[in-house]
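# Got a predicted structure here, sequence first:
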Amino acid sequence: MVKDLREIYENYELYLNKEICIQGWIRNHRKQKEFGFIDFNDGTYFKSIQLFYDNKLEDFDSISKLHIGSAISAYGVLVQSPNKNQDFEIKISKIKLEGDCPLDYPIQPKRHTREFLREVAYLRPRTNLFNAIFKIRSIASYAIHKYFQDRGYVYVQTPLITANDGEGAGEMFKITTFDLDNIPRDEDGKIEYNKDFFGRKVGLTVTGQLEGETFAHAYKKIYTFGPTFRAENSNTKTHAAEFWMIEPEICFCDLNGLMDIEEDMLKYIVSYVIENARCELEFLDNFVEKGLIDKLNTLINSKFAKVTHKEAIDILKSSNEKFEFTPEYGCDIAREHEKYLTEKHFKKPVFITDWPKDIKAFYMKMNDDNETVAAVDLLVPSSGELMGGSQREENYEKLIGRMNELNMKIEDFDWYLNLRKFGGCTHSGFGMGFERLLIYLTGVDNIRDVIPYPRTPKSCEF
């Protein structure tokens with residue numbers, strides 16, 4: 001009977017002393033004169049299993065020549081192991097070579113640098129590190145869907161190709177079918193976008209929020225979960241040109257209600273990953289970030305702090321801490337400031353609310369002081385900003401006024417503005433970068449290592 005490693009590890013008593021077949025890949029092969037050991041993994045479970053064979057087998061010589069990386073079907077009996085570091089192993093009766101592997105196979109049983117493994121990204125899930133990371137990515141993805149589905153949210157697939165820049169930052173990748181060596185222009189030299197595929201200027205989406213709001217006004221609460229794109233020429237550890245976003249939108253919900261949802265959702269996801277990725281987290285705790293599991297449990301058991309932007313700046317200014325960038329009212333909060341607030345002052349996650357309007361997006365609800373907006377960022381220890389959200393401006397005239405202040409083309413957003421006329425209501429939403437969450441969950445500090453094929457400036461391999 002063919003069995004997966006997951007089945008064997010979870011119910012090994014059922015298969016003990018029974019003949020089984022497993023199919024997968026050789027991770028390591030230690031050969032001796034009269035016997036040998038194969039470290040075997042099939043991808044269904046983080047831990048490998050040891051295969052033992054000896055020279056009593058007819059095909060001992062051919063088995064002893066099997067290469068690391070080869071795909072095999074192995075037949076044998078699951079037995080108790082004499083090795084105190086493992087409970088069981090398989091005593092081999094036969095191995096069928098399914099796919100050979102050359103001696104220069106890049107993933108050898110030794111420590112490889114993460115930089116090298118990015119060069120062979122198509123092979124890196126076969127290493128312990130990336131096997132753990134991408135399994136956690138899968139589990140966390142499921143947890144996100146489960147959280148929202150169990151609570152009655154509708155999953156909306158917002159468009160990847162769009163004509164609106166939802167963030168207003170002008171960092172969109174442009175899309176065209178024009179021959180770039182012969183772009184049609186009018187007599188003033190301007191590009192004739194009306195001749196392009198969509199008849200207008202379009203690009204890859206930077207957010208699904210605006211379209212998400214339209215569906216929230218039909219279903220009350222929705223969420224999106226998909227790829228977004230930013231043409232931001234930034235080579236930091238936390239920026240990529242393509243990344244995934246989770247963006248819920250909830251009607252009849254103000255900023256305080258939104259923060260409750262953010263906290264509840266994050267704790268749920270972290271708890272789910274702890275429960276369902278124990279082996280992977282233990283490995284990462286040992287080899288990537290000491291204390292990772294304690295950090296995650298601390299988050300689950302803490303009550304998140306809440307301060308306004310002004311109060312946060314007050315704390316930073318009175319801290320006597322030497323910052324590279326001086327904290328200022330009306331300005332954004334730097335990474336070093338986030339670190340101080342979460343790790344030294346509050347020592348837990350913190351919501352920062354009521355941000356200066358000039359550094360936030362046009363759609364955020366203006367506060368009564370006309371200087372700040374009902375926006376919130378969630379900062380977590382070791383990772384900084386994890387979520388950003390706001391109560392949306394539901395007043396038609398105020399939203400028009402804000403867009404005019406920013407010299408936005410009102411006609412491009414007629415459909416969005418109409419939400420305020422056609423049964424509009426108090427509503428809020430937030431965005432969470434999936435890779436930012438994975439950095440927090442795994443302790444791996446580079447976004448290039450938590451997404452299968454990273455897209456960054458001057459890099460689009462595979």
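Ah, there it is.
# I'd guessed Leu266 sits against Leu299; true?
Yes. Using CB atoms under 8 Å, Leu266 makes contact with Leu299 at a distance of 7.3 Å. All C-beta atoms are positioned from the backbone trio N, CA, C, and that covers glycine.
# So between these two, which is more surrounded?
Between Leu266 and Leu299, Leu266 has the larger neighbour count (other CB atoms under 10 Å), namely 22 against 19.
# and the more buried one, that one's in a strand?
No. Counting by DSSP: H, G, I helix; E, B strand; the rest coil, Leu266 falls outside a strand, being helix.
# which ones are touching it?
Going by CB atoms under 8 Å, 6 or more residues apart in numbering, Leu266 touches 299, 349, 378, 380, 386-387.
# what pLDDT does it get?
Looking at Leu266, its pLDDT reads 98.
# sorry, back to before: which neighbours do Leu266 and Leu299 have in common?
With CB under 8 Å, 6+ apart, Leu266 and Leu299 have common neighbours 349, 380.
# Quick check: mean pLDDT of stretch 216-225?
98.
# returning to that earlier point: tell me which two in the contacts of Leu266 are the farthest apart.
Leu299 and Met387 (13.1 Å; CB to CB).
# Drop anything exposed from the contacts of Leu266.
Among those, those classed as buried by 16 or more other CB atoms under 10 Å are 299, 349, 378, 380, 386-387.
# Which one of the residues you listed is nearest to Asp186?
Closest to Asp186, out of all of those and judged by CB to CB, is Met387, at 44.2 Å.
# Now that closest one: which helix or strand?
strand 384-391 (DSSP states H and E).
# Adjacent strands (with direction) for that strand?
Next to strand 384-391 in the sheet, as set by DSSP bridges, lie strand 372-380 (antiparallel), strand 427-433 (antiparallel).
# Reformat those strands as JSON lines; add mean pLDDT.
Formatted as JSON lines, those follow (pLDDT from 0 to 100):
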{"stretch": "strand 372-380", "mean pLDDT": "97"}
{"stretch": "strand 427-433", "mean pLDDT": "97"}
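# JSON lines for those strands, including distance to Tyr219?
Shown next, in JSON lines, are these (distance: least, CB to CB, whole Å):
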{"stretch": "strand 372-380", "distance to Tyr219": "23"}
{"stretch": "strand 427-433", "distance to Tyr219": "12"}
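# now for those, which one comes closest to Asn182?
Per CB to CB, nearest to Asn182 of the strands paired with strand 384-391: strand 427-433, 38.4 Å.
# Tell me the helix or strand right after that closest one.
Once the chain leaves strand 427-433, the next helix or strand it forms, by DSSP H and E, is helix 434-442.
# and Thr456, what does it touch?
235, 239-241, 448.
# Let me have these in CSV, adding secondary structure, distance to Trp415 and pLDDT as columns.
Listed next are these as CSV, based on DSSP: H, G, I helix; E, B strand; the rest coil; distance: CB to CB, whole Å; pLDDT from 0 to 100:
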residue, secondary structure, distance to Trp415, pLDDT
Asn235, coil, 36, 85
His239, coil, 30, 87
Ala240, coil, 30, 93
Ala241, coil, 27, 94
Arg448, helix, 37, 96
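# Just the buried ones from those?
Using 16+ other CB under 10 Å, the buried members of the contacts of Thr456 are 239-241, 448.
# out of these, which one sits closest to Phe35?
So of those, ranked by how close each gets to Phe35 (CB to CB), first place is Arg448, at 41.6 Å.
# Was I right to think that closest one contacts Ala241?
No. Using CB under 8 Å, Arg448 makes no contact with Ala241, being 11.2 Å away.
# Output stretch 315-325 as PDB - backbone C-alpha positions only.
Only the C-alpha atoms of stretch 315-325 are listed here, as PDB (Å, rounded to 0.1, in the frame of the first residue of the first chain):
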ATOM      1  CA  ILE A 315       6.300  59.200  23.500                       C
ATOM      2  CA  LEU A 316       9.200  59.100  21.000                       C
ATOM      3  CA  LYS A 317      10.200  62.700  21.700                       C
ATOM      4  CA  SER A 318      10.300  62.100  25.500                       C
ATOM      5  CA  SER A 319      12.100  58.800  25.300                       C
ATOM      6  CA  ASN A 320      15.700  60.100  25.400                       C
ATOM      7  CA  GLU A 321      16.400  57.500  22.700                       C
ATOM      8  CA  LYS A 322      18.900  58.500  20.000                       C
ATOM      9  CA  PHE A 323      17.000  58.100  16.700                       C
ATOM     10  CA  GLU A 324      18.600  58.500  13.300                       C
ATOM     11  CA  PHE A 325      15.500  60.200  12.100                       C
END
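# List the buried residues in it.
Applying a neighbour-count criterion of 16+ other CB under 10 Å, one finds 315-316 buried in stretch 315-325.
# and if you look at stretch 270-289?
Judged by neighbour count using 16+ other CB under 10 Å, the buried positions of stretch 270-289 are 270, 272-274, 276-277, 280-281, 283-285, 288-289.
# Check the offset of the one helix or strand in the chain whose mean pLDDT sits lowest from the chain's centre.
For the chain, counting by mean pLDDT, DSSP states H and E, helix 12-15 ranks last in confidence among helices and strands (a mean of 91). Relative to its chain's centre, helix 12-15 lies at 36 Å (CA atoms, centre = their mean, to the nearest Å).
# quick check, Tyr75 in a strand?
Yes. Under three-state DSSP, Tyr75 falls within a strand.
# pLDDT at it, what is it?
Here, the pLDDT recorded for Tyr75 equals 97.
# Am I right that it is in contact with Lys91?
No. The pair Tyr75 / Lys91 is not scored as a contact, 10.3 Å apart, by CB under 8 Å.
# The closest residue to Ala163 other than its chain neighbours: neighbouring residues, count only.
Nearest residue to Ala163, sequence neighbours excluded (CB to CB, 6 or more residues apart in numbering): Val202, at 5.0 Å. Using other CB under 10 Å, Val202 has 20 other residues around it.
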